[in-house]
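>>> sequence first, then the predicted structure:
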Amino acid sequence: MIYMIVKKAIIISCYRSGKQRIRSCHLLLAIYHLPLATLKVVISILMCIGILWACAYKVGPSGGPEDKTPPEILYTFPAPDSTNIDTLPYIEFRFSEAVDKSSINNQIWLLPELPNGYELQWKGNKTLRIILNDTLEKDQTYIFTIGTGVRDLRRNSLKSPFTLPFSTGAEIDHGEIQGKLFDKKPQGIFLYSYQKSDTFSANMVFDRKPRYYSQADNSGNYRLKYLNEADYRVYALEDVNGDRKYTMQTDRIGIPFKDVTIDSQQMQHQDINFYLIREDTTRPELRRADALNNRVVEITFSEPLHPRQAFAIEIEDSTDHTELPVIVSALEIDEPNRLRVYTQKQNDVKYHGILTAVQDTAGNFSAGDSIEFYFLGDAEPDTTQPQLKSIEPPNNTKTVNYDAIIELTFSPPVDSSSLKKAAHLFTADSLDTLPVNGKWQFESLLQPHFIPDTLLKGNQTYQIQINLSELKTIFSEAYTDSLDSLYISHFTTKDWALLGEISGVVNASNPAYKTAIILASPIRGAATYTTVSPIGSPYLLEFLPEGSYLLKAAVDLNQNGVIDKGSSLPFQFSEPVIASPDTVKVRKRWTTEGIDLQF
């Protein structure tokens, strides 16, 4: 049947052909007059060729560069800054290009919020209409915001939040709070502003949505605009579940360093800057206690413990109450939720222990003054060979910082007095003279530190010498079987001639601000360079590798040498921090001067 159809198609095609297709018709008619069996073979071959041609044909990619242009707002109703709006049934936006409609979810806000909210209507995928379900308050400035999560079909997001202000009164409120959020990924982090009325409390951030909020852009900058005259407290919040409330331990929060007042004297406030913190209020809990061998007990907790705490531990035979002497305890280096307790030799009996005042890394203490634990003693001896596991800086490291410290890691813990005798730091040209002076710190006998008394010399090779035959564990065992085993490790410091400096003055109008912590962070790299200076006096950041830096300064109000970032419960202000508006260029053998910061 199919072959008869093909023959008819050939006749029709030829009759409809013009003179220019006469040759094609002669070919088709020749095929038409072939015997039926031969025609079947020809048609089958032509069909196979057609299929192969269709499979081989590929459409080339569309030309032009990849679209990386973010969408923009071209039109709004009402127009920005409109006033005396009596009734407003809807708000409308027109985008510069098609947008992903699903990205609108949780990215549009009308502030102050309406009791019954609004509904969305789309005209195509460029125009969005918001149908309001309530009448507006009288003499009120409203702000409709589109967040940075809105994106086009190429997944390009809005560069910064878009705000549309309008008012039901005769004028627009023009109060403004702005600042910067110091975070690796600040875009989309919320800034919440609470008016400090008679009903205000520091706990509002936990259970009440703010009347005004906005978002930080991809550089961390934010602006809370169109605020009326009032006192305000602003928080930064990484609102994970989108409920516009602070959920401790789930969300990260930024605590302000002060409250601000917007009035006729000052309508704008700048440099209300934030660090984000994750607050931990969970107390550490004991999970289990196990004897690893006849002189090591491991106590496991629900979370990492504070590394700089002295553990008070008592252990006794639970039957006859004979004391099991504790030699020392130390947190595991790689798993700080595990506390290793090193004891005299245990017996194969059940032991009872008491651990006093355990503190986690956030400063939370365990419930109660003490923790009880039980474990079954292990009579099996510890057969592992004591060892020096690692050393910092590693052997043959180049470009070591001038303020480097020496860090040794042992297993089991080292005897501190033997380490002081066995380990020394020398310069390469003074091996036959005195070692470098310094002090050992033994916060952990598993990982002691040697801190030189002065800065290391530039472009200098140093040797760390450790006489392992003199080195002993807390059990008085040697770290080597050899009577003459000298461990030597080398490192070389940076060449100071290849480094630069930044200098300037940190000033403050507040006479209570006395001391500043200045920090320089390279645009590329994770290192942070710090110095402390009296406010109003010149500071100097030394020994900086060549490159571009971001500069920040914080007021050290309590003089503890660190930037305190505040707390929400109980509420405590953070310490003020500001940043240089531009990056600072550092060149080798050069001091970049005049980098002043003003609080």
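Arrived safely, thanks for sending.
>>> Lys472 and Ser416 touch, don't they?
No - in this structure Lys472 lies outside contact range of Ser416 using Cβ atoms under 8 Å: 9.9 Å. All C-beta atoms are positioned from the backbone trio N, CA, C, and that covers glycine.
>>> who's more crowded, those two?
Taking other Cβ atoms under 10 Å, Lys472 and Ser416 do not tie; Lys472 has more neighbours (20 against 15).
>>> identify the bridge partners of that one.
Ala478 (DSSP bridges).
>>> which residues does the most centrally placed residue in the chain contact?
Compute the mean C-alpha point of the chain, and by Cα atoms, centre = their mean the closest residue is Lys184, 5.1 Å away. Under the criterion of Cβ atoms under 8 Å, 6 or more residues apart in numbering, Lys184 has no neighbours.
>>> give me the element it is part of.
Using DSSP states H and E, Lys184 falls within no helix or strand.
>>> do the same with Ile391
Ile391 belongs to strand 387-392, assigned by DSSP H and E.
>>> quick one: distance of that strand to the chain centre.
Relative to its parent chain, strand 387-392 has a centroid offset of 30 Å by Cα atoms, centre = their mean, to the nearest Å.
>>> can you list contacts of it?
So strand 387-392 is in contact with 405-411, 464, 466, 468, 471, 479, 487, 489, going by Cβ under 8 Å, 6+ apart.
>>> hmm, which of those are the buried ones?
Among the contacts of strand 387-392, those scoring as buried are Ile406, Leu408, Thr409, Phe410, Ser411, Ile464, Ile466, Leu468, Leu471, Tyr479, Tyr487, Ser489 (criterion: 16 or more other Cβ atoms under 10 Å).
>>> which ones are touching the last one?
To tie it back to what came earlier, the one meant is Ser489. Contacts of Ser489 (Cβ under 8 Å, 6+ apart): Ile391, Pro394, Asn395, Gln463, Ile464.
>>> give me the sheet partners of the helix or strand it falls within and which way each runs.
Element membership for Ser489 (DSSP H and E) is strand 486-493. Sheet partners assigned to strand 486-493 using DSSP bridges are listed as strand 397-400 (parallel), strand 461-467 (antiparallel).
>>> show me which residues of the longest one are buried.
Going back to what we said before, that points to strand 461-467. Buried residues in strand 461-467 (16+ other Cβ under 10 Å): Thr461, Tyr462, Gln463, Ile464, Ile466, Asn467.
>>> does the last one touch Ala422 like I think?
The one in question is Asn467. Yes - assessed by Cβ under 8 Å, Asn467 is found in contact with Ala422 at 4.5 Å.
>>> any idea which of the strands paired with strand 486-493 gets closest to Phe166?
strand 397-400 (58.4 Å; Cβ to Cβ).
>>> ok, then the element right after the closest one?
In N-to-C order, the element after strand 397-400 by DSSP H and E is strand 406-411.
>>> how much space separates the nearest residue to Pro534 once chain neighbours are set aside from Ser533?
Residue nearest to Pro534 in three dimensions, not counting chain neighbours: Thr515, with 6.0 Å by Cβ to Cβ, 6 or more residues apart in numbering. To Ser533, Thr515 is 7 Å away according to Cβ to Cβ, to the nearest Å.
>>> so, low pLDDT: which residues of the stretch 451-599 of the chain?
Residues of the stretch 451-599 of the chain meeting the criterion pLDDT under 70: 481-484.
>>> where exactly do the strands run in it?
461-467, 486-493, 499-507, 515-522, 529-534, 538-545, 547-555, 567-568, 571-572, 577-579, 584-586, 591-592, 597-598 (DSSP state E, counting those that start in this stretch).
>>> a markdown table for these, including distance to Ser96?
Putting those into a markdown table (distance: least, Cβ to Cβ, whole Å) gives the following:
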| stretch | distance to Ser96 |
| --- | --- |
| strand 461-467 | 61 |
| strand 486-493 | 55 |
| strand 499-507 | 42 |
| strand 515-522 | 36 |
| strand 529-534 | 43 |
| strand 538-545 | 43 |
| strand 547-555 | 32 |
| strand 567-568 | 40 |
| strand 571-572 | 43 |
| strand 577-579 | 32 |
| strand 584-586 | 36 |
| strand 591-592 | 41 |
| strand 597-598 | 39 |
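>>> what's the closest of the ones you listed to Arg283?
Across the strands of the stretch 451-599 of the chain, closest to Arg283 is strand 567-568 (Cβ to Cβ), at 16.1 Å.
>>> circling back to that earlier point, and the strand holding Ile391, what's buried?
So for strand 387-392, counting by 16+ other Cβ under 10 Å, buried means Leu388, Ile391, Glu392.
>>> and stretch 429-438, by the same measure?
Those would be Val436, Gly438, for stretch 429-438 by 16+ other Cβ under 10 Å.
>>> now do stretch 112-120
Quick answer for stretch 112-120 (16+ other Cβ under 10 Å): Tyr118.
>>> now swap in stretch 413-431 and tell me
Buried, per 16+ other Cβ under 10 Å, within stretch 413-431: Pro413, Val414, Asp415, Ser418, Leu419, Ala422, Ala423, His424, Leu425, Phe426, Thr427.
>>> tell me the pLDDT at the second one?
Read it as Val414. The per-residue pLDDT reported for Val414 equals 95.
>>> find the nearest non-adjacent residue to it, please.
Nearest in space to Val414, with sequence neighbours left out and distances taken as Cβ to Cβ, 6+ apart, is Leu445 at 5.6 Å.
>>> the one you found: neighbouring residues, count only.
Residues lying near Leu445 (other Cβ under 10 Å) number 20.
>>> secondary structure element holding it?
Using DSSP H and E, no helix or strand contains Leu445.
>>> right, and it touches Pro413 too?
Yes - here Leu445 reaches Pro413: they are 3.4 Å apart, a contact under Cβ under 8 Å.
>>> shared neighbours of the two, anything?
Common neighbours of Leu445 and Pro413, using Cβ under 8 Å, 6+ apart, are Val328, Ala330, Ile474.
>>> just the closest of those residues to Ile451, please.
Nearest to Ile451 among the shared contacts of Leu445 and Pro413 is Ala330, at 19.2 Å by Cβ to Cβ.
>>> could you point out which element follows the one helix or strand the closest one maps to?
Assessed by DSSP H and E, Ala330 sits inside strand 326-331. Downstream of strand 326-331, the first helix or strand assigned by DSSP H and E is strand 338-343.
>>> that following strand pairs with which strands, parallel or anti?
strand 296-301 (antiparallel), strand 326-331 (antiparallel).
>>> mind putting those strands in JSON lines, distance to Ser568 included?
Below are those laid out as JSON lines (distance: least, Cβ to Cβ, whole Å):
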{"stretch": "strand 296-301", "distance to Ser568": "25"}
{"stretch": "strand 326-331", "distance to Ser568": "28"}
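>>> TSV for these, including distance to Ser193 and mean neighbour count?
Below are the strands paired with strand 338-343 laid out as TSV (distance: least, Cβ to Cβ, whole Å; neighbours: other Cβ atoms under 10 Å):
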stretch	distance to Ser193	mean neighbour count
strand 296-301	39	20
strand 326-331	42	19
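>>> now distance to Ala527 and mean pLDDT too, for those, in TSV please.
Compiled in TSV, the strands paired with strand 338-343 are given as follows (distance: least, Cβ to Cβ, whole Å; pLDDT from 0 to 100):
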stretch	distance to Ala527	mean pLDDT
strand 296-301	32	96
strand 326-331	26	94
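>>> between the ones you listed, which gets nearest to Phe95?
strand 296-301 (52.5 Å).
>>> please save the CA atoms from that closest one in PDB.
Taking C-alpha atoms only, strand 296-301 is exported to PDB below (Å, rounded to 0.1, in the frame of the first residue of the first chain):
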ATOM      1  CA  VAL A 296      43.300   6.000  80.000                       C
ATOM      2  CA  VAL A 297      39.600   6.800  80.400                       C
ATOM      3  CA  GLU A 298      37.700   8.600  77.600                       C
ATOM      4  CA  ILE A 299      34.700  10.700  78.600                       C
ATOM      5  CA  THR A 300      32.500  11.700  75.700                       C
ATOM      6  CA  PHE A 301      30.300  14.800  75.700                       C
END
